[in-house]
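Enquirer: got a structure for you, letters missing:
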């Protein structure tokens, strides 16, 4: 039986060739590439260059068409079978086939819903997640100590974020130790003469949950994006401690915080409003509808009126964190009218004042934004509601201190750590561990639909070894682990004793993975409650460390008590009885999750932590892959409509029954018009 295919692009129905087939391949987890998140894709197919299709694709073959179809961007698409829903995703226009100098056909490729995630994120960096500026925190001796003890709770948009910012006991430069009998810089002991830990070696960390929310806040239609990113709460949830307990260390530059650097202050008294393609927030304005026509029509003028004739300051205009206009070496208390300049690109704009002395920006400071469009000239003036004090206290800007990493790489890293899978469900990106994904499936018997005239059976394993590790284990303590044991800290390798032909597969998580150190009292030899991290990769001859950045560091934070420690600003030491220590385990117990892949000796307890990422999230799947009884079976089935579309359709999480045996779907390719499904199945053992 042949089925009719309906294709809709941006809500408009596309006319099809009568005999044109469409093939869709689906896979959620594939033994050929264990670490990759898969999405539906199709082989290219063609549709006629009919009047209706020319309207949809705006005569793409003619480059002179104004506001034509943009083939650089995938368009929303829906495929139906006999007018029943089959797949939603994206369509890419690949080429136009011409015959006798006339358009004959449009060649298209369909992609599944997750492609929109990659398209939206593009090359964006974590620092581009401007919503994170809500968590900016002044860097002071008092704040560092306070958030070392209890963390900072922040409410944004009426949502409460507990311990969103903390100060973990990780040193960016200084070596810390504990001695009750000696004194010296870096001695954390509270004994007489101990110097304590220099607070400028400590940098804040942000909860990963806040980064996930920042991704959702940025990528949505309200900000001019084609689609919304909304994650399900199956894994990304405050109730899931495996994820919710994780932090990222805000370590972008080598070494400690330099308190002598000029202070940067963003003007933050703008009215919160919007105006024709422009959103104004407390400290920024975002423009999203600049096109080729409007690019030369936006312009901005800035007047600054300061309170002190002695203050020296620089003014910068930033777009997405990069300076696009600068006005250096300004002094005086008069009003400065800076030269207007064109805003030539969409983005998030901020006005930053860099200064070394405290002064006020007074009432009357204005930003003039002028926009021209087809309806004429429209001008708005945005004015401060009052004076803004510019102090020399360092504002620890979350975005500018965020480690360098693409947003897509951040998500991919989490997916690889916890063996997560994702799929689009009516606009929500459902994220689950693979085992939970399969647990939600049903059972479908396809025996009577299978073409029994031919099938193939082959081994399921293409590898003789699979390793799971982090991209960066170069910090000093982790390096020492490698030197002692000849494998990377936290790395797990899975193989079988009698090796067969095959390659080694490496699943690499794009984060840094530190080994931490529990301190012992150099006087008594007794263990303290203190555990710390050190961001150096080599020792100098004098015993100090060479500062180190590495990949973004992800860790658990544990609120510790039991041994008091001393922190100092070089003048006034303060003793603390509570503090956050960094850890690879969520709590200091060998029955709890840790983010090693291998069951290592825990740095704090010196006992083996068996609840590893591999054991909890990979072992069942990988051990089955290596089982000698596992086979890949390829069969072809001619499915009825109810198994192709609608609520009864075969899903990737379903258990497939064939000849009274149970299988998982490794991959399936549908020829939609024929209702044919080429299954690649793996038997459940």
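Expert: Ah, there it is. As the structure is a computational prediction, the values presented were derived from the model and not from experiment. Residues are numbered from 1 along each chain as shown.

Enquirer: What's the separation between residue 274 and residue 669?
Expert: Per C-beta to C-beta, to the nearest Å, residue 274 is found 47 Å from residue 669. Any C-beta I mention is one placed from the backbone N, CA and C, and that applies to glycine too.

Enquirer: what about these two, which has more around it?
Expert: Each of residue 274 and residue 669 had its neighbours counted (other C-beta atoms under 10 Å), and the higher figure belongs to residue 669 (18 against 12).

Enquirer: Was I right to think the more buried one contacts residue 21?
Expert: No. Residue 669 lies out of contact with residue 21 (C-beta atoms under 8 Å); the separation is 11.4 Å.

Enquirer: Listing request: residues of the stretch 501-650 of the chain with sub-threshold pLDDT.
Expert: Applying pLDDT under 70 to the stretch 501-650 of the chain flags the ranges 501-502, 590.

Enquirer: about what we covered before: now do the shared contacts for residue 669 and residue 21.
Expert: Counting by C-beta atoms under 8 Å, 6 or more residues apart in numbering, residue 669 and residue 21 have no common neighbour.

Enquirer: And the helices in the chain, which stretches?
Expert: In the chain, the helices defined using DSSP state H lie at 51-56, 115-121, 141-149, 208-218, 241-244, 398-401, 407-417, 434-439, 476-485, 613-617, 619-626.

Enquirer: Who are the packing partners of the fourth one?
Expert: Pointing back at helix 208-218 there. Helices and strands touching helix 208-218, by 3 or more C-beta pairs under 8 Å, 6 or more residues apart in numbering; DSSP states H and E, are strand 159-166, helix 241-244, strand 246-249, helix 407-417.

Enquirer: Pairing partners for the third one, with directions?
Expert: This points to strand 246-249. Strands that pair with strand 246-249, judged by DSSP bridges, come out as strand 205-207 (antiparallel), strand 554-560 (antiparallel).

Enquirer: Among these, which comes closest to residue 193?
Expert: Ranking those by proximity to residue 193 (C-beta to C-beta) places strand 554-560 first, at 23.9 Å.

Enquirer: Quick check: chain neighbours aside, which residue is closest to residue 565?
Expert: With sequence-adjacent residues excluded and distances taken as C-beta to C-beta, 6 or more residues apart in numbering, residue 565 is closest to residue 188, at 4.3 Å.

Enquirer: Can you report how many residues lie near the one you found?
Expert: 25.

Enquirer: Now do the contacts for it.
Expert: 176, 177, 178, 194, 196, 197, 519, 530, 565, 566.

Enquirer: What about these, which are in strands?
Expert: Taking DSSP state E as the definition of strands, the contacts of residue 188 contribute 197, 519, 530, 565, 566.

Enquirer: Tell me how far the fourth one lies from residue 572.
Expert: In this view, residue 565 and residue 572 are 15 Å apart by C-beta to C-beta.

Enquirer: Same check on residue 466?
Expert: 53 Å.

Enquirer: higher neighbour count, those two?
Expert: Taking neighbours as other C-beta under 10 Å, residue 466 and residue 572 compare with residue 466 leading, 23 against 9.

Enquirer: sorry, back to before: which one, of the helices of the chain, ends up nearest to residue 28?
Expert: Relative to residue 28, the nearest member of the helices of the chain by C-beta to C-beta is helix 434-439, separated by 6.8 Å.

Enquirer: and that closest one, which residues are buried?
Expert: Neighbour-count burial for helix 434-439 flags 434, 437, 438 (criterion: 16 or more other C-beta atoms under 10 Å).

Enquirer: Tell me if I'm right that the last one and residue 664 touch.
Expert: Yes. In terms of C-beta under 8 Å, residue 438 counts as a neighbour of residue 664; the distance is 6.9 Å.
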